[in-house]
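1. based on what follows, work out the 3D shape:
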Amino acid sequence: MDAARASAPSPRPFRARKPPAIALETDHLIRGYYKREPAAAFDAIDCGTTPERGDARAHHAQKFALRQLEVMRTKKMNEREALRIVEAERDAERDAYARAAREGRPLDEGERALTAPGEGSDVEFGSEIERIQATEEAEWSARVEAARRAAGERADGAAPTAQIPRRRRGA
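-> Numbers count the residues shown, from 1 in each chain. Below is the predicted model of the structure:
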């Protein structure tokens with residue numbers, strides 16, 4: 001402590017410079033995708049996958065933005081023109097999956113390039129999470145109903161009808 005008291009504080013505190021923000025080429029395209037498709041922001045992202053390496057499990061927003069960037073580079077187009085082309089490709093893919101689901105020959109979900117899993121197919125649930133939640137809710141309802149029956153409650157939640165106690169003999 002004596003050494004700290006003996007030396008004067010530095011004239012200005014040392015502050016490191018803020019590092020520059022890391023920005024990928026597709027970041028602004030992904031932000032634009034989420035502005036047009038806000039519900040896609042709630043789809044789970046597997047952080048261990050990247051569409052650049054050809055991972056089939058990569059998020060469809062990343063795949064869409066990467067395809068848009070590819071069209072922009074190969075055909076020397078601006079962002080809006082490339083967006084129209086990639087949206088047409090996405091609509092064609094969605095229609096192909098919907099047609100296959102209607103015909104009873106569903107296509108492999110892992111081969112989707114620009115659409116979300118389950119998108120375009122006329123299935124009961126929009127995602128695997130919704131299907132799991134529905135089965136859990138059905139199981140939970142069955143368990144609650146079984147517990148009510150065991151406790152003597154009626155299904156509509158009303159209290160069980162009380163039985164009139166018998167009169168004691170000699171009373």
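2. residue nearest the centroid of the protein?
-> Asp43 (1.7 Å; CA atoms, centre = their mean).
3. quick one: that one from Ala142, how far?
-> 30 Å (CB to CB, to the nearest Å). Heads up, the C-betas are built off the backbone N, CA and C, glycines and all.
4. ok, Ala82 next?
-> 51 Å.
5. over to Lys18?
-> 56 Å.
6. so these two - more neighbours on which side?
-> Ala142 (10 against 6; other CB atoms under 10 Å).
7. per-residue pLDDT, the more buried one?
-> Per-residue pLDDT puts Ala142 at 88.
8. can you give me the helices for the chain?
-> Secondary structure of the chain, counting by DSSP state H: helices at 2-6, 27-36, 60-74, 79-102, 128-151.
9. most packed of those?
-> Highest mean neighbour count of the helices of the chain: helix 60-74, a mean of 19 (counted as mean count of other CB atoms under 10 Å).
10. that one versus helix 79-102: what angle between them?
-> 130 degrees (axes from the mean of the first three to the mean of the last three CA atoms, to 10 degrees).
11. identify the residues contacting helix 60-74?
-> 25-26, 29-30, 33-34, 37, 40, 43, 45, 50-52, 77-79, 82-83, 85-86, 89-90, 112-116, 119 (CB atoms under 8 Å, 6 or more residues apart in numbering).
12. how is this protein divided into domains?
-> Domains of the chain are assigned by automatic domain parsing as 25-122, 124-154.
13. now the ones you listed as CSV including distance to Pro9?
-> As requested, these are arranged in CSV below (distance: least, CB to CB, whole Å):
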stretch, distance to Pro9
domain 25-122, 42
domain 124-154, 56
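14. who touches stretch 13-29?
-> By CB under 8 Å, 6+ apart, the list of residues contacting stretch 13-29 reads Gln62, Phe64, Ala65, Leu66, Gln68, Leu69, Glu79.
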